[in-house]
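Enquirer: Curious how this folds, go ahead:
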Amino acid sequence: MIKEPEDFIVEELPLYEPAQTGTHTFFAIRKRNLSTLAAINRIARDLQIRSQQFGYAGLKDKNAVTTQVLSVEGVLPARVLRIEHPDIEVLWAERHPHKLRAGHLRGNRFQITLRDIPHDALPRIESTMQRLATEGVPNRFGAQRFGNKNDSHLIGKAFVKADWEAVVRYMLPDDALQVDDTARRLQRELAKKSPEKAVLCIPHRLRKLFLSAYQAFLFNRVLEMRTPCFGTLLDGDIAIKHENGAPFLVTEATVEQPRADAFEISPSGPIFGYKMRLPTGDVLALETSLLSDDGVRFEAFRKVVGIRLPGTRRPLRMLMQLHAVSAVDDQGVCLSFTLPAGGYATVVLEELFAENIL
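Expert: Predicted coordinates for the structure are as follows:
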């Protein structure tokens, strides 16, 4: 369906503009066929600095053409603007007082071209997209959140359970050709340290990604258990106000449901952590049963391999702003829409093709 990176175009929508003063430089890049972290590593090598000096609001797809803002500390805008790379274009650079943090974006606008789709499918595609825009899209995490081998959440789970041997098994592939720098470093550490201490050589950012993948996996399981009624409130829910993200306890679902029907609020699911607001009643029982099934204690999320996991609540559905559905070329359809921060366009496509529109 999607044949070239140019068929999947993403534009990040910033939450705020740089202040044009400060020790950090905000800069926008357009990258092609590169993940966000790979782009940061290449820019870091060009600037001869550590990748930890960079900040980003969100991780963007690799197999796409994406525009996003990054930040870097201690590098002047003029130096950033001199970066040249075949797959990375620097669009602008301005100073700002603070590092760009994850989640500091309004959302993302997508333009996706689906190839080899007959034009007579256009009315069905448009109808489904209109329905998703009205009813909301399941706010699950996309498959890319779980890594190329679909095991990032399993590594995260092993970290949370302090199952260091399992972490080592996942990190050290059987195929010697697949051993990367992190695996080689881990092998060296294991020769002189216990698994518990050796796994600390895994970069902090990677450990954090594994843990967030496990949190995402648990959220997806809750969402699956509440589908197809993910817009229906239950007594004991923690609802989220879409206007400002504020959570509140639902004591009488029938009273609040009209607000959910108007898409002012939505039920939420857990991003487990020690500060996460807990639901009550049957909703709490459902969510905590997942931890019991995995043999994980809620308290385990307080601090894992040096990383604190405060947790939060995530709406079970997201509002999609549909801009256009149009025919392109001989056999193709172009979809243009905007999703809020944290939303996955691949989930929209999964929902679209679940309707058997072809």
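Enquirer: ok, A216 to A253 distance?
Expert: 26 Å (Cβ to Cβ, to the nearest Å). Every residue, glycine included, has its C-beta placed from N, CA and C.
Enquirer: And these two? Which one has more around it.
Expert: Taking other Cβ atoms under 10 Å, A216 and A253 do not tie; A216 has more neighbours (20 against 16).
Enquirer: Next, L234: secondary structure please.
Expert: What DSSP: H, G, I helix; E, B strand; the rest coil gives for L234 is coil.
Enquirer: Test my guess that it contacts L286.
Expert: No: if you go by Cβ atoms under 8 Å, L234 and L286 don't touch, sitting 9.2 Å apart.
Enquirer: what comes into contact with stretch 267-275?
Expert: 215-216, 218-219, 222-223, 226, 230-234, 237-240, 247, 250, 260, 276, 287, 291, 298-299, 301-302, 308-316 (Cβ atoms under 8 Å, 6 or more residues apart in numbering).
Enquirer: Quick one, which of those are buried?
Expert: 215-216, 218-219, 222-223, 226, 230-231, 233-234, 237-240, 247, 250, 260, 276, 287, 291, 298, 301, 309, 311-316 (16 or more other Cβ atoms under 10 Å).
Enquirer: taking the residues you listed one by one, which sit in strands?
Expert: Among the buried ones among the contacts of stretch 267-275, the members falling in strands (DSSP state E) are I238, A239, I240, P247, T312, R313, R314, P315.
Enquirer: List just the nearest of these to R50.
Expert: Ranked by distance to R50 (Cβ to Cβ), those are led by T312 at 28.4 Å.
Enquirer: and that closest one, what does it touch?
Expert: Contacts of T312 by Cβ under 8 Å, 6+ apart are I271, G273, K275, M276.
Enquirer: Where neighbours are concerned, which of those has the most?
Expert: M276 (21 neighbours).
Enquirer: How much space separates the residue lying closest to it once chain neighbours are set aside from V348?
Expert: Closest residue in space to M276, ignoring its immediate chain neighbours: G311 at 3.3 Å, by Cβ to Cβ, 6 or more residues apart in numbering. Taking Cβ to Cβ as the measure, G311 falls 26 Å from V348.
Enquirer: roughly how far out does stretch 265-279 sit from the chain middle?
Expert: Stretch 265-279 sits 17 Å away from the centroid of its parent chain (Cα atoms, centre = their mean, to the nearest Å).
Enquirer: Show the end-to-end separation of that stretch, please.
Expert: 16 Å (Cα to Cα, to the nearest Å).
Enquirer: in it, what's buried?
Expert: Under 16+ other Cβ under 10 Å, the buried positions of stretch 265-279 are I265, S266, P267, S268, G269, P270, I271, F272, G273, M276, P279.
Enquirer: Packing partners of the longest helix seen in the chain?
Expert: In the chain, with assignment by DSSP state H, the single longest helix is helix 204-225. For helix 204-225, the packing partners by 3 or more Cβ pairs under 8 Å, 6 or more residues apart in numbering; DSSP states H and E come out as helix 152-160, strand 265-271, helix 281-294, strand 307-308.
Enquirer: Can you give me the buried ones in it?
Expert: Result for helix 204-225 [16+ other Cβ under 10 Å]: buried residues 207-223.
Enquirer: What of stretch 43-53?
Expert: I43, A44, L47, Q53.
Enquirer: starting at the chain centroid, how far to it?
Expert: So, by Cα atoms, centre = their mean, the centroid of stretch 43-53 is 23 Å from its chain's centroid.
Enquirer: pLDDT of it, averaged?
Expert: Across stretch 43-53, pLDDT averages out at 94.
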